[in-house]
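Novice: What follows is a protein structure lacking sequence information:
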Ligand SMILES: Nc1ncnc2c1ncn2[C@@H]1O[C@H](COP(=O)(O)OP(=O)(O)OP(=O)(O)O)[C@@H](O)[C@H]1O
Ligand SMILES: [Mg+2]
């Protein structure tokens, strides 16, 4: 169970361990929460997000990467979930057009990959997940969850 304030560190040795860690976070999420995921290309942000989507009760067969659409919207069991990837986000006008802020309040839970592309959009209460690949072991990840 995650409470505030808390800072948790995990080691993941493979994709399924990352899924298990994401599920632990998911049980503590509530509508209005914003999860920002940091980590280089291929770190495992999408793996982590898809595990959260499943844990929140999203039953869609396909969970496509939001890289091109920027936002994918889902119906969870007791919430709606917006999975975002800001990697290709353009200027401030595009951010306004997408109405990103609407997803930062109930009934939404927002999951954001590449949040640093528009860091100014994030509020104080964001939950930060940092995924760092190991330099030697290609499957090892250090995962840090920081709930401000
Ligand atoms: N311990 C691990 N945890 C998560 N993914 C792992 C792990 N070990 C290997 N992988 C692999 O790393 C890749 C992670 O890809 P993923 O698309 O989740 O990265 P990403 O951080 O979303 O990248 P991008 O910035 O391009 O969106 C997958 O191919 C996955 O199988
Ligand atoms: Mg991704």
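Specialist: Good, I have the coordinates. It should be emphasised that the depicted structure is a prediction, and the values quoted were computed from it without experimental measurement. Ligands and ions are numbered 1, 2, ... in the order given.

Novice: May I ask which helix or strand encompasses residue 145?
Specialist: strand 141-147 (DSSP states H and E).

Novice: how about the helices in the protein?
Specialist: 15-26, 45-55, 92-98 (DSSP state H).

Novice: What are the buried residues along the first one?
Specialist: Translated: helix 15-26. 17, 18, 19, 21, 22, 25, 26 (16 or more other Cβ atoms under 10 Å). Quick note: C-beta positions are derived from backbone N, CA and C, even for glycine.

Novice: Can you give me the distance of the residue most central in space within the chain to ligand 1?
Specialist: The C-alpha lying nearest the average C-alpha coordinate of the chain belongs to residue 111 (Cα atoms, centre = their mean; 3.4 Å). From residue 111 over to ligand 1 the distance is 11 Å, taken as Cβ to the nearest ligand atom, to the nearest Å.

Novice: Could you report the pLDDT at that residue?
Specialist: You'll see residue 111 listed with a pLDDT of 98.

Novice: Residue 17 versus residue 109, what's the distance?
Specialist: Using Cβ to Cβ, to the nearest Å, residue 109 is found at 23 Å from residue 17.

Novice: cool, and residue 25?
Specialist: 13 Å.

Novice: now residue 77
Specialist: From residue 77 over to residue 17 (counting by Cβ to Cβ), the distance is 24 Å.

Novice: Who are the contact partners of the residue nearest to residue 77 when sequence neighbours are not counted?
Specialist: Nearest-residue entry for residue 77: residue 57, 2.9 Å, with adjacent residues in sequence omitted and distances by Cβ to Cβ, 6 or more residues apart in numbering. By Cβ atoms under 8 Å, 6 or more residues apart in numbering, the contact list for residue 57 reads 76, 77, 78.

Novice: With adjacent residues omitted, what lies nearest to the first one?
Specialist: If you skip the residues right next to it in sequence, residue 76 has residue 56 as its closest partner in space, 3.8 Å away by Cβ to Cβ, 6+ apart.

Novice: Now do the contacts for the one you found.
Specialist: 26, 29, 76, 77, 78, 79, 81, 109.

Novice: And those residues, which of them are buried?
Specialist: Of the contacts of residue 56, these count as buried by 16+ other Cβ under 10 Å: 26, 29, 76, 79, 81, 109.
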